[in-house]
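Asks: Sequence plus the predicted model coming up.
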Amino acid sequence: MPEGLIAQTPLKNREESRMLVMEKGEISHRFFYNICDYLKKGDVLVLNNSKVLPARLLKDNIEILLLENLGENCWKCIGRKLKVGKIIDFDGLKAEVLDIDKDGNTTVKFSYEGNFYEHLDRVGLMPLPPYITEKLEDKNRYQTVYAKDLGSAAAPTAGLHFTPKILEQIKALGVEVCYVTLHVGLGTFRPVKADKLEEHKMHSEYYEIPLETINAVKNAKRVIAVGTTSMRTLESYAVSGKTTDRTSIFIYPPYEFKIVDCLLTNFHLPESTLIMLVSAFAGYENTMRAYKTAVEEKYRFFSFGDCNFIINKE
């Protein structure tokens, strides 16, 4: 993975990212604005509308990254330079460290006047992945244009390519655009260190699926998941039958997909659970060939990078 291919900033225009299409094992090179060429009436496109919290708080050498709302102004976090009992004032948003467990997970209680999320929007930074070292000028570029429900610690990045115009073009084809919510946690991106895949434990993430999405999926000619988060949400529902739950589903080869026919996703970190999910869907050999081709063709990788459209059903 050449470091120079890691996209450090978003493109000026979202829809101009490149798109490597894999259909029946054949690879072609397009741009995301060509997506309508591969969609048709009767398809259901499923998007994750989770919205990223500006969850990174910095003061001097102290850092807190919010992961999950525990209620009563308490949050599960990770951070550095933290000690139990320490109180940090982030310009009117005060954080008291209540507990730190052996894995570094920290419980922080906040005190403030007014609205917590207004304070967070004012003082918080977008929690960009560590491989992105350049400053993000516009925090909205790390949000999808359809982001709605606050709760993610990282963006569902496959959705970053969409624009309102392209969504309207997709709907005009007779494609039904539906939504799920899965609040992305950092555990999704952690590398697998277990010697055996089945011993790797995924961190659980909250999801919910509206009834209209369930009905649309049941009647679809093809279901197209936008991103691994949408894929994991739909497959979690297929396994559990629950429309609202927490999921720690870990998809790797071999896996029999129960709902999804096509997947739009970005290019992922080596040794991550995400590339394992893609390998389960496209086949290991096909996935490795696609990534090799993407490197040779100098595609842009990871969160702000280009995309890969895998079509398993015409």
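Replies: Perfect, thanks for sending it.
Asks: only C-alpha atoms for contact and neighbour calcs from this point on.
Replies: Will do.
Asks: Which residue ranges of the stretch 101-250 of the chain form strands?
Replies: With DSSP state E, counting those that start in this stretch applied, the stretch 101-250 of the chain shows strands at 106-111, 149-152, 176-182, 205-208, 222-226, 244-247, listed in chain order.
Asks: neighbours around the closest residue to residue 182 other than its chain neighbours, how many?
Replies: Spatially, and ignoring its direct neighbours in sequence, residue 182 is nearest to residue 207 (4.2 Å; Cα to Cα, 6 or more residues apart in numbering). Taking other Cα atoms under 10 Å as the neighbour definition, residue 207 ends up with a count of 25.
Asks: winner for burial among the strands of the stretch 101-250 of the chain?
Replies: strand 222-226 (a mean of 26; mean count of other Cα atoms under 10 Å).
Asks: Just list what that strand packs against, helices and strands only.
Replies: strand 43-48, strand 262-266 (3 or more Cα pairs under 8 Å, 6 or more residues apart in numbering; DSSP states H and E).
Asks: how does it look with 10 Å?
Replies: Identification of packing neighbours for strand 222-226 by 3 or more Cα pairs under 10 Å, 6 or more residues apart in numbering; DSSP states H and E yields strand 43-48, strand 176-182, helix 211-218, helix 228-240, strand 262-266, strand 307-311.
Asks: The strands of the stretch 101-250 of the chain: which one's closest to residue 12?
Replies: The stretch from the strands of the stretch 101-250 of the chain with the least distance to residue 12 (Cα to Cα) is strand 222-226; that distance is 21.2 Å.
Asks: Can you list the low-confidence ranges for the stretch 151-300 of the chain?
Replies: Within the stretch 151-300 of the chain, the ranges that satisfy pLDDT under 70 run 186-191.
Asks: how about a cut-off of 80?
Replies: Counting by pLDDT under 80, the low-confidence segments of the stretch 151-300 of the chain come to 186-195, 198, 201, 203.
Asks: quick one: residue 202 and residue 246 touch, right?
Replies: No: because the distance of 11.3 Å does not satisfy Cα atoms under 10 Å, residue 202 is recorded as not touching residue 246.
Asks: got the contact list for stretch 85-104?
Replies: Where contact means Cα atoms under 10 Å, 6 or more residues apart in numbering, the residues beyond stretch 85-104 that reach it are 57-59, 62-64, 73-80, 82-84, 105-113, 116, 119-120, 122-124.
Asks: Counting neighbours, which of the residues you listed end up buried?
Replies: 57-58, 63-64, 74-79, 82, 106-110, 119-120, 123-124 (16 or more other Cα atoms under 10 Å).
Asks: For stretch 38-49, what is the spacing between the initial and final residues?
Replies: Taking Cα to Cα, to the nearest Å, stretch 38-49 runs 22 Å from one end to the other.
Asks: Hmm, I typed the wrong one, I wanted stretch 36-47.
Replies: Between the opening and closing residues of stretch 36-47 there is a gap of 16 Å (Cα to Cα).
Asks: looking at the helices and strands packed on strand 222-226, which is closest to residue 161?
Replies: strand 307-311 (8.3 Å).
Asks: now what about stretch 233-243, what contacts it?
Replies: Looking at stretch 233-243 with Cα under 10 Å, 6+ apart, the contacting residues turn out to be 46, 48, 180-182, 205-211, 213-214, 217, 223, 225, 228-230, 232, 244-251, 256-260.
Asks: Report the distance from it to the chain centre.
Replies: Relative to the mean C-alpha coordinate of its chain, stretch 233-243 is positioned 18 Å out (Cα atoms, centre = their mean, to the nearest Å).
Asks: Spatially central, which residue of the protein would that be?
Replies: Relative to the mean C-alpha position of the chain, the nearest C-alpha, by Cα atoms, centre = their mean, is the one of residue 156, at 2.5 Å.
Asks: Check the gap between that one and residue 95 for me.
Replies: Residue 156 is 27 Å from residue 95, by Cα to Cα.
Asks: just to revisit the earlier point, beta partners for the residue nearest to residue 182?
Replies: Bridge pairing for residue 207 (DSSP bridges) gives the partners residue 182, residue 245.
Asks: That one is in contact with residue 179, isn't it?
Replies: No: the pair formed by residue 207 and residue 179 falls short of the contact definition of Cα under 10 Å, at 11.2 Å.
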